[in-house]
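Asks: Give the three-dimensional model of this entry:
(one chain, ligands or ions: 1)
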Amino acid sequence: MKHAFLGMAALVVTATAVNAAEVKPGDVVFNDGAVAMSLTGAAGNADEGYKVVSSKKKGNCIACHSNDAMPDVPYQGEIGPNLAGVASRYSEAQLRGILTNAKNTFDGTMMPSFYKVDGFIRPGKRYTGKAADDTFGPLLEAQQIEDALAYLMTLK
Ligand code: HEC
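Replies: Next up is the predicted model:
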């Protein structure tokens, strides 16, 4: 029993350590629209990033951007530029900045701010006339941003 408890305590400590490395949406440091530091403190996974970029349930990037490297994904949009060769046009830090909050790079763009939780006009709490609980997360998690970035970096 005592051992089980110690095991649990160790787990909690590990989880906290992982979270501590994550940069919260309000704490991201932009430099001319670019973000130099990984939001998770680690490199992302390009295979997971492919899913974030192509999936309508995740980043839904493909609704606005076509991508020559995803010929099998149907219904690619033409609102933003084709993502082909994007890693030759931008540095990793610039792409992280665009993914985190594109408005800091492209003034007034219709590309959503994927890692942002304040400064929006929020809907109220249903039928109460009160403010909503503060439970809105960003559109993408820090890990998903880093994964999408790792994928974009393959598009040379
Ligand atoms: C609602 C449409 C929309 C969505 C969704 C969207 N974007 Fe964009 N994106 C744009 C537009 C429009 C631009 C061009 C910037 C501007 O407004 O001038 C852009 C620009 C970019 C650029 C710079 C491209 C270049 O060649 O200059 C990158 C990279 C990018 N988006 C990646 C993404 C990724 C990755 C996602 C998904 C996580 C995403 N976008 C989702 C609309 C969108």
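Asks: Please count neighbours and contacts with C-alpha atoms only from this point.
Replies: OK.
Asks: Report the mean confidence score over stretch 98-117.
Replies: Mean pLDDT, stretch 98-117: 96.
Asks: meant to ask about stretch 45-54, not that
Replies: Mean predicted confidence for stretch 45-54 is 97.
Asks: Give the buried residues for it.
Replies: 45-46, 48-54 (16 or more other CA atoms under 10 Å).
Asks: Please tell me how far it is from the chain's geometric centre.
Replies: Computed by CA atoms, centre = their mean, to the nearest Å, the chain-centroid distance of stretch 45-54 equals 11 Å.
Asks: As CSV, could you dump the C-alpha coordinates of it?
Replies: Written as CSV, here are the backbone C-alpha positions of stretch 45-54 (Å, rounded to 0.1, in the frame of the first residue of the first chain):
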residue,chain,number,x,y,z
ASN,A,45,6.3,14.7,-34.7
ALA,A,46,5.8,15.2,-38.4
ASP,A,47,3.6,12.1,-38.8
GLU,A,48,1.2,13.5,-36.2
GLY,A,49,1.5,16.9,-37.8
TYR,A,50,0.3,15.5,-41.1
LYS,A,51,-2.9,14.5,-39.3
VAL,A,52,-3.3,18.0,-37.7
VAL,A,53,-2.9,19.7,-41.1
SER,A,54,-5.1,17.4,-43.2
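Asks: Need the contact partners of it.
Replies: Here stretch 45-54 makes contact (CA atoms under 8 Å, 6 or more residues apart in numbering) with 58-62, 70, 73, 144-152, 154.
Asks: can we see that at 10 Å?
Replies: Under the contact criterion CA atoms under 10 Å, 6 or more residues apart in numbering, stretch 45-54 has outside partners 55, 57-63, 65-67, 69-70, 72-74, 76, 140, 143-154.
Asks: restrict those to those near the ligand?
Replies: With the criterion set as CA under 6 Å from any ligand atom, the members of those near the ligand are 59-61, 63.
Asks: Narrow these to those that are buried.
Replies: 59, 61, 63.
Asks: can you put those in JSON lines and add pLDDT?
Replies: As requested, those are exported to JSON lines (pLDDT from 0 to 100):
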{"residue": "Gly59", "pLDDT": "90"}
{"residue": "Cys61", "pLDDT": "97"}
{"residue": "Ala63", "pLDDT": "95"}
